[in-house]
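Q: build me a structure from this.
(one chain, ligands or ions: 2)
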Amino acid sequence: MATKKSVSSLSEADLKGKRVFVRVDLNVPLDDSFKITDDTRIRAAVPTIKYLMSNGARVILSSHLGRPKGVTAKFSLKPLVPRLSELLGLEVKMADDCIGPDVEKLVAEIPEGGVLLLENVRFYKEEEKNDPEFAKKLASLADLYVNDAFGTAHRAHASTEGVAKHLKPSVAGFLMQKELDYLVGAVSNPKKPFAAIVGGSKVSSKIGVIESLLEKVDILVLGGGMIFTFYKAQGLAVGSSLVEEDKLDLATTLLEKAKAKGVSLLLPSDVVIADKFAPDANSKIVPASCIPDGWMGLDIGPDSIKSFSETLDTTKTVIWNGPMGVFEFEKFAAGTLAIAKKLADLTGKGVTTIIGGGDSVAAVEQAGLADKMSHISTGGGASLELLEGKPLPGVLALDEA
Ligand SMILES: Nc1ncnc2c1ncn2[C@@H]1O[C@H](COP(=O)(O)OP(=O)(O)O)[C@@H](O)[C@H]1O
Ligand SMILES: O=C(OP(=O)(O)O)[C@H](O)COP(=O)(O)O
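A: Residues are numbered from 1 along each chain as shown. Ligands and ions are numbered 1, 2, ... in the order given. Next up, the predicted model:
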């Protein structure tokens, strides 16, 4: 399987004085005042950066934040600089752009062991298009490439894939290596029954994953924004809940496939609904079949928590990506919190529990349960695609060991 490719390691690279382009995933959640609400991904990037610093490299960090359409101030990486500097124990410099003459000048000024953070690489639409010219411009800044952005390894973008074609060596960072080692091992031959819990709001990118998951898992639990597309496909009223209209047929097919394959697919039987998308919204618990017009589902309800928990009690391996509700609002956090507690409890009983994804990990951190899980992965979509057996473009692009 391509994802099992063994990639060249950073520890073999000659680094002294070299300009190293390091793709990291610093896509962390920020609140309305640009405060980092969970720094897991920054902390996870530190070992590779410190290793590069201590080996005399000139470190150029590149990341995306969110899904901006063009240059958007609220998606700037600037708010991350103080925390990154604190964790690295040096003053990280920040560029206003990620390519161009000003950036080249700043790169030329990086001392050995110094670190420059480039501005959000997704401010250029060429990034997500994996534009070869853009990749070349990024590559021209450096001598070698390190990909440590496991969370973005499932994207074939210029900074995660294209750039590797122009820089030799192109190697995996320590986080990338650690994630691959753990996840490939845990999911290639999982202890059964094997369950996946999928929620969150990236419905269009994750609903497709479900099809392949049905080949791998015994139990599939759905929550979060994912469920309303399934409800609507079954003819239920969903009010103003999140729905992907063009995925209704797929949702119907998936329900049929699960049945045919004998996979137990669980949808919540009740939901917590809100009259607006806000922390102070009015809320009530209703059966999944009774969401009135003008109301939206923002969490799973107590009956669902109970039945999900009972089902999870029968498992030996669980992978969870995507919160059960809008956990950032206290009123709609109970479902996510209950699942986090359940998984922590199961880990203590010998079940392998893997939590993936920026927001899912943030929720588990918020609950103080991160150290109670078997593995906290910095990638949600990436860990699911790895589980599907799909090649990860960001890994495939690296040099073979
Ligand atoms: N019912 C829902 N409606 C809208 N958004 C939701 C709902 N349930 C969860 N979410 C949102 O999903 C987001 C996380 O989704 P996603 O990015 O797919 O997860 P992860 O980052 O863990 O991979 C959270 O910000 C959460 O508020
Ligand atoms: O947050 C991320 O993915 P995740 O929510 O699946 O964990 C990664 O930074 C990738 O972001 P993207 O899904 O906008 O490409």
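
Q: what residues does the stretch 201-350 of the chain have near ligand 2?
A: Residues of the stretch 201-350 of the chain found near ligand 2, taking C-beta under 6 Å from any ligand atom as the criterion, are Lys202. (Glycine included, C-beta is placed from N, CA and C.)

Q: how about the residues of the stretch 201-350 of the chain by ligand 1?
A: Residues of the stretch 201-350 of the chain lying near ligand 1 (C-beta under 6 Å from any ligand atom): 201-202, 224-225, 242, 297-298, 321-323, 325-326, 328.

Q: from those residues, list just the buried residues.
A: Among these, those classed as buried by neighbour count (16 or more other C-beta atoms under 10 Å) are Lys202, Gly224, Gly225, Leu242, Gly297, Leu298, Asn321, Gly322, Pro323, Gly325, Val326, Glu328.

Q: counting only strands, which of the residues you listed make the cut?
A: Of those, the ones assigned to strands by DSSP state E are Gly297, Leu298, Asn321.

Q: quick check: phi and psi at Ile197.
A: Taking degrees, to the nearest 10, you get phi -110, psi 120 for the backbone angles of Ile197.

Q: ok, it touching Ile339?
A: Yes - taking C-beta atoms under 8 Å as the definition, Ile197 is a contact partner of Ile339 at 6.6 Å.

Q: need the overlap of contacts for the two.
A: Where contact means C-beta atoms under 8 Å, 6 or more residues apart in numbering, the residues bridging Ile197 and Ile339 through contact with each are Gly223, Phe308, Leu312, Trp320.

Q: list the contacts of the nearest residue to Phe75 once chain neighbours are set aside.
A: In space, Phe75 comes closest to Pro68 once its chain neighbours are excluded; the distance is 4.0 Å by C-beta to C-beta, 6 or more residues apart in numbering. Under the criterion of C-beta under 8 Å, 6+ apart, the contact partners of Pro68 comprise Phe75, Asn120, Arg122, Phe123.

Q: for the nearest residue to Ser304 once chain neighbours are set aside, give its distance to ligand 2.
A: When the adjacent residues along the chain are set aside, Ser304 lies closest to Pro268, with 3.5 Å between them (C-beta to C-beta, 6+ apart). Separation of Pro268 from ligand 2 (C-beta to the nearest ligand atom, to the nearest Å) stands at 21 Å.

Q: can you count the residues close to the nearest residue to Lys261 once chain neighbours are set aside?
A: The shortest distance from Lys261 to any residue other than its chain neighbours is 5.5 Å, reached at Leu214 (C-beta to C-beta, 6+ apart). Other residues lying near Leu214 total 18 when counted by other C-beta atoms under 10 Å.

Q: so Leu386 sits against Pro393, correct?
A: No - taking contacts as C-beta under 8 Å, Leu386 lies outside contact range of Pro393: 11.9 Å.

Q: neighbour-wise, which of these two wins?
A: Using other C-beta under 10 Å as the criterion, Leu386 and Pro393 rank with Leu386 on top: 29 against 20.

Q: test my guess that Ala196 contacts Leu214.
A: No - with contact defined as C-beta under 8 Å, Ala196 and Leu214 do not form a contacting pair (9.4 Å).

Q: identify the contacts common to those two.
A: Residues touching both Ala196 and Leu214 (C-beta under 8 Å, 6+ apart): Leu220.

Q: coming back round to it: can you lay out the residues of the stretch 201-350 of the chain next to ligand 1 as a markdown table showing pLDDT?
A: What follows is these, written out as a markdown table (pLDDT from 0 to 100):
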| residue | pLDDT |
| --- | --- |
| Ser201 | 92 |
| Lys202 | 89 |
| Gly224 | 97 |
| Gly225 | 96 |
| Leu242 | 96 |
| Gly297 | 98 |
| Leu298 | 98 |
| Asn321 | 94 |
| Gly322 | 95 |
| Pro323 | 97 |
| Gly325 | 98 |
| Val326 | 98 |
| Glu328 | 95 |
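
Q: for the residue of the stretch 1-150 of the chain found nearest ligand 1, give me its contacts.
A: For the stretch 1-150 of the chain and ligand 1, the shortest gap (C-beta to the nearest ligand atom) falls at Pro29, measuring 7.4 Å. When the contact criterion is C-beta under 8 Å, 6+ apart, the partners of Pro29 are Ile36, Thr37, Asp38, Glu328, Gly358, Asp359, Ala362.

Q: same thing but at 6 Å, please
A: Shown here is Pro29, whose contacts under the criterion C-beta atoms under 6 Å, 6 or more residues apart in numbering are Thr37, Asp38, Ala362.
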